[in-house]
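1. here are the coordinates; sequence isn't available:
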């Protein structure tokens, strides 16, 4: 596996003081062949220079901070939650304009990315000349979408008064996260959850922090209410039965009177 | 219901929503922070101060 320092690289041709002559681009994509393809495409253009590239989200964040660039071409699939990743990138480097490459045309994702401040959205199947056009427009401060994207935006604008605006982007939980959410919403404490899923309390806490971040909730109560209003869990999130104690007095485990008090303390 | 009133209420989390065998009850205690009328129905906004999951 390549080390971050090996993967975030600076193009030796980077113009340091270009006076706006070049469009400086960072390419963040997990596939080396895609990055190489883009470099070849941009090499034919006099006004576009690739100044850095990265292959993971953390590298993209580092590259955005490290290199002086106008545009970051960001593969949506680099992040488990591309919308949040775009928000983080914009927060970290507000001057950088983001062009997001989605795996395939996606209406909901396109609209949400635009709301979060992405300048351009293209799908992976974009024609090279359209991508070049996109970069030029975005570098001038104009948003860019293909004709289908424009249609989605217009349609969303037309219908925003008659349907709930800004549907929450669908959040994907991993099977383990779903399992832990299921346990929490059934009132289990971290220790019990750890026993049920065969891990430690600390790991459960780590998972919970990640889930809270993903769903934008602050505690167990908000998590439960979020689950009530959004179908977060699927049928795979069935909690395994409690392990049978290997020793003890033979009494049944306490199942009632499990309480979780409301608190602002992290749990 | 005046603002500041204390209220106890229960939210039922359906079994399929929480991935459980049975519904889970969420017993809550809170304070009314606003009240309003909407479409002829009275409604209140409540801040939940305490809660507990009631497992059956």
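-> Ah, there it is. Values in this document were obtained by computation on a predicted structure and should not be read as measured data.
2. in chain B, which spans are helices?
-> With helices called from DSSP state H, chain B shows them at B:15-18.
3. my guess is residue B:20 meets residue A:186, correct?
-> Yes: between residue B:20 and residue A:186 there is a contact at 4.9 Å, judged by C-beta atoms under 8 Å. All C-beta atoms are positioned from the backbone trio N, CA, C, and that covers glycine.
4. gap between residue A:141 and chain B?
-> Counting by C-beta to the nearest C-beta, to the nearest Å, the separation of residue A:141 from chain B is 42 Å.
5. look at that residue and give its secondary structure.
-> Using DSSP: H, G, I helix; E, B strand; the rest coil, the three-state assignment for residue A:141 comes out as coil.
6. quick one: the strands in chain B?
-> In order along the chain, chain B carries the following strands (DSSP state E): B:6-13, B:24-38, B:41-54.
7. buried set for the longest one?
-> The one in question is strand B:24-38. B:24, B:25, B:26, B:28, B:30, B:32 (16 or more other C-beta atoms under 10 Å in any protein chain shown).
8. test my guess that residue A:71 contacts residue A:138.
-> Yes: with contact defined as C-beta under 8 Å, residue A:71 reaches residue A:138; the gap is 5.8 Å.
9. which neighbours do the two have in common?
-> A shared contact of residue A:71 and residue A:138, defined by C-beta atoms under 8 Å, 6 or more residues apart in numbering or on different chains, is any residue touching both; here these are A:97, A:99, A:119.
10. ok and the residue in chain B nearest chain A?
-> Among all residues of chain B, residue B:53 sits closest to chain A, at 2.6 Å; criterion: C-beta to the nearest C-beta.
11. quick check: the nearest residue to that residue once chain neighbours are set aside vs residue B:26, distance?
-> For residue B:53, the nearest residue in space outside its immediate sequence neighbours is residue A:187; the separation is 2.6 Å by C-beta to C-beta, 6 or more residues apart in numbering or on different chains. From residue A:187 over to residue B:26 the distance is 8 Å, taken as C-beta to C-beta, to the nearest Å.
12. identify the bridge partners of the residue of chain B closest to chain A.
-> Taking DSSP bridges, one finds residue B:26 as the beta-bridge partners of residue B:53.
13. that one against residue B:25, yeah?
-> Yes: contact status for residue B:53 versus residue B:25: in contact at 7.5 Å, counting by C-beta under 8 Å.
14. just the element for residue A:50, please.
-> Assigned by DSSP states H and E, residue A:50 belongs to strand A:48-54.
15. in the longest helix along chain A, what's buried?
-> For chain A, the helix reaching the highest residue count under DSSP H is reported as helix A:201-215. Buried residues in helix A:201-215, defined by neighbour count with 16+ other C-beta under 10 Å: A:203, A:204, A:205, A:207, A:208, A:211, A:212, A:214, A:215.
16. before we move on, the earlier item: tell me, what's touching residue A:187 and residue B:26 both at once?
-> Once C-beta under 8 Å, 6+ apart is applied, the residues that residue A:187 and residue B:26 both contact turn out to be B:52, B:53, B:54.
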